[in-house]
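Peer 1: build the 3D model from these lines:
(chains A, B and C)
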Amino acid sequence: MLTLADVHTHYAKSHILHGISLEVQSGEVVGLLGRNGVGKSTTLKSIMGLVRPSQGRITFEGRDITGLPSHKVAHLGIAYVPEDRRIFKLLTVMENLRTGLDRGGITEARRKDLLAKVYESFPVLGERKKQLGGTLSGGEQQMLAIARAMMLEPKIILLDEPTEGLMPRMVSQIRDIIERLHHEGVAILLVEQNVGLTLSATSRCYIMEKGLMRHHASSAALTADPSVIHQYLGV
Amino acid sequence: MFEQILVQTVNGLVNGMVLALVASGLTLIFGIMDVVNFAHGDLVMLGAFTGAVTVAQTGNFWLGLLVASLVIGAFGALLQIATLRPLIGRDPLTTIIATFGVSLVLQKYALWQFGPTAQNIPQPIPGRFELFYLQYPWYRLGAAVMAGAIIGALYLFLKYGKYGIWIRATTQDRIMASAMGIPVPLVHTGVFAIGSAMAAASGVLFAPLAAVTQTMGAEFTLRAFSVVVVGGMGNLGGSILAALFISLLEAYASLVVSPSQAVIVSFVVLILTLLFRPTGLFVPTPIVPTAK
Amino acid sequence: MTTVGSQTHRSFWIVFLAVVAALALAPLALPEFWRKFLTEILIWGLLAMSSDILIGYTGMVSFGHSAFFGLGLYGAAAALLVMRSPNLWIALAVGLAAAALVAVFVAYFATRLRDIYFAISTFVFSQIFYVIIFTWTDVTGGENGLYFTQPPFTIPGIWSGRFSTVSLHWFVLAIVAFSYLALRRITQSPFGMVLQSIRENEPRTRAIGYHVERYKIVAVMLSGLFAGLSGVLYAIQHRFAAPDFVFFTVSGEVVIYNVMGGMGTLVGPVVGAAFFLVLREGLSRFWAEYYLIPLGIAFILMVIFMPQGLLGFLKRRLNQ
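Peer 2: Down below sits the predicted model:
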């Protein structure tokens, strides 16, 4: 469904991605592991159109989306939950959700449906409906970021380090959410530092190093043989 | 003496409301796309002329107001598409230079299109009432109320309208807004159109109080810039307060110096603000950081 | 940037002297009107060069050069009106002093304000200056301006004689040429390099260890001084000072010369000024004031598509 072929991306004057290739099939949960600074976030940003690849191709459902403006990428069914959450701090929780909910071709019934679902998965958000995004705690903001992405009813969600800075209790909540999304048929490309979470939530993983794809294996294999993880991540 | 001060207070508030309308558009535009629109005052001027022509043809002030706002709003959208979109991603100083060029062209165009003689719009609300020792025109109050109404409408639109969320989200974080599927380039054009329409409206509201000339734009740009900086760039409420504040100070100053010299007040306030509170006088600090 | 190779060095001097010679001889072949016009182009060219120091080299857009110009203009005017026997050099000194004084004031703000705020402030400042000149009729003559006599050209003890159109032109040419050489020297010196580094990346320059503030102050002072100089020259040539010259459109036109000619080249703005003024002279015969419409549109298009200006464009073409 989503394919990257030999993608090179520059950021300012640095050559970050040196030819990244990966693919995510419909409904799959795939992990992207690697040390800090290897280009994992840049990979997601390249898919989302936040940075423009200098070389290579990104295809989604057979369509070339390389360098497509972000809002068009979102319309095609790719949602993005960035590393620093980036919720709209001066908008209320409800308004944050509406940025994803207010789109053409959606019926009032569907809107109510989606909202109900989200409040069910994230009751905390329901309680804080009218609160400004900036007043939420870190964990709540993360949930809002994910909920917001879900409002787009995407085919794939790009999740960038969702558990960063969260308490262990929240980490398992994130795990549950990923599972739930998977259950609904939403594909996920998960970038994470938390290896344990990644291996248990995904079916396979890519491992990056210095802008290159170094290894690719099923999560089961990686769990069975931790030496690979040690090699590339030093954990 | 006391009465003079009260009269000037009323004057200051009236002028302040019209200025607030001008400045709101400017600060909205800056807040969302980092563009300092040098030509903003000239949009006011064009609005005034368009209104004057419409009123002369139809005899209806309100029609003039509507037509001017729509026409200049649409023109603003075209302007943004033609001159500002190509400059996205470039140094913000480039947009100042570009909008300055636009300002020149608009001024000369107005000269060509509308001729060198000053035009006039008769006051739609006739009559005066007694304000202390003066016969004060009703229209002045009417203009202030109308300006306030338009600003109020803008506020409501931003807070509750569907596209209001789009605009506010894009202002706070244009990249994330785009990632959420909000068509940011369109929002930019839309906001520029709204800002232009508001400028035009203030031009029409202001016209019955003074003559409409091609160079009236510079005065508005000057004051609007000061207001926007003092009120905090991108801060709507701040610019309204700043507009009232500066206009009141100018009104009081004109008791002591001539009105044309009173404009120095805005300069002094601007400089003081930039020196001591560069984020704006009416902005609570710290501001919630906006990522761009 | 230019190399230190003696080849380039020599060819620069050849071209430079050729141009100066041409400009010196030209008035002999031109009718009176165009002689004076040529001198005026040189004066505006100097103003444009001074602005280039800030806009082109340091990356600080200023809309306030009309004020510096006006200070030189009115300063010289004041001196010439007050003195019983008008002296060229004193007028020069007074005009420059006035410009320098205000330059210090502006320089202070340059260090406190970044980019956009600085640009806005210079705009507001130049307009306020205009208002002061316009309304302080007792001192400045207000709307009507000031008329004064042209001082004779005197070298104390050696020479004294009035200017003719041609000799004035040579005088102005000499000053402008020296100014150009001085500014060129400065911009090519390590100091000039730091200015450009500030333009490219201010935080980085600061991080490396340069006192960005000090460099900006000097840049503003230089810019203001040479701008004031052009004002003084204008006063001497025209013997008339009016608020019109201090209206911010003058500042704006200077920015246009800079952009059209090519920022950061010193020569570019002079070319831009010449180009603009000649075009204006020519077009205004057909289109009166409306020449600014096509010219303004051309300017906007240049900002969008040819930001390096005419000179930059030519440079690229000739691949120097």
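
Peer 1: name the SS class of the residue most central in space within chain A, please.
Peer 2: What sits nearest the mean C-alpha location of chain A, by Cα atoms, centre = their mean, is A:L159, with 1.6 Å. Using DSSP: H, G, I helix; E, B strand; the rest coil, the structure places A:L159 in strand.

Peer 1: pretty sure it contacts A:I188?
Peer 2: Yes - taking Cβ atoms under 8 Å as the definition, A:L159 is a contact partner of A:I188 at 5.9 Å. (Glycine included, C-beta is placed from N, CA and C.)

Peer 1: let me know the pLDDT of B:A199.
Peer 2: Note on B:A199: pLDDT of 95.

Peer 1: which one is it nearest to, not counting chain neighbours?
Peer 2: Leaving aside its chain neighbours, B:A199 sits nearest to B:L43 (4.0 Å; criterion: Cβ to Cβ, 6 or more residues apart in numbering or on different chains).

Peer 1: ok, now A:C205?
Peer 2: Closest to A:C205 by Cβ to Cβ, 6+ apart is A:G31, at 3.8 Å.

Peer 1: ok, now B:I96?
Peer 2: Once flanking residues are discounted, B:I96 sits nearest to B:V36: 5.1 Å by Cβ to Cβ, 6+ apart.

Peer 1: equivalent analysis for A:I78, please.
Peer 2: Closest residue in space to A:I78, ignoring its immediate chain neighbours: A:I156 at 5.5 Å, by Cβ to Cβ, 6+ apart.

Peer 1: residues of the longest helix along chain A that come out buried?
Peer 2: Criterion DSSP state H: the longest helix present in chain A is helix A:168-183. Across helix A:168-183, burial judged by 16 or more other Cβ atoms under 10 Å in any protein chain shown covers A:170-171, A:173-175, A:177-178, A:181-182.

Peer 1: what about the residue nearest to B:A199, neighbour count?
Peer 2: Neighbours of B:L43 under the rule other Cβ atoms under 10 Å in any protein chain shown: 33.

Peer 1: ok, now how distant is it from B:A77?
Peer 2: Computed as Cβ to Cβ, to the nearest Å, the B:L43 to B:A77 distance reads 12 Å.

Peer 1: need the overlap of contacts for those two.
Peer 2: Common neighbours of B:L43 and B:A77 (criterion: Cβ atoms under 8 Å, 6 or more residues apart in numbering or on different chains): B:S196.

Peer 1: tell me the pLDDT at residue 119?
Peer 2: Unless you meant another one, I'm taking chain A. You'll see A:Y119 listed with a pLDDT of 89.

Peer 1: I was thinking of chain B, sorry if that wasn't clear
Peer 2: According to the predicted model, the pLDDT of B:Q119 comes to 82.

Peer 1: which residues touch it?
Peer 2: B:Q119 neighbours (Cβ under 8 Å, 6+ apart): B:48-49, B:52-53, B:56, B:207, B:211-212.

Peer 1: what about the strands in the stretch 1-150 of chain B?
Peer 2: Assigned by DSSP state E, counting those that start in this stretch, the stretch 1-150 of chain B shows strands spanning B:128-131, B:134-137.

Peer 1: again with chain A
Peer 2: Using DSSP state E, the strands of chain A run over A:2-11, A:14-24, A:29-34, A:53-60, A:63-64, A:78-81, A:156-160, A:187-191, A:204-209, A:212-218.
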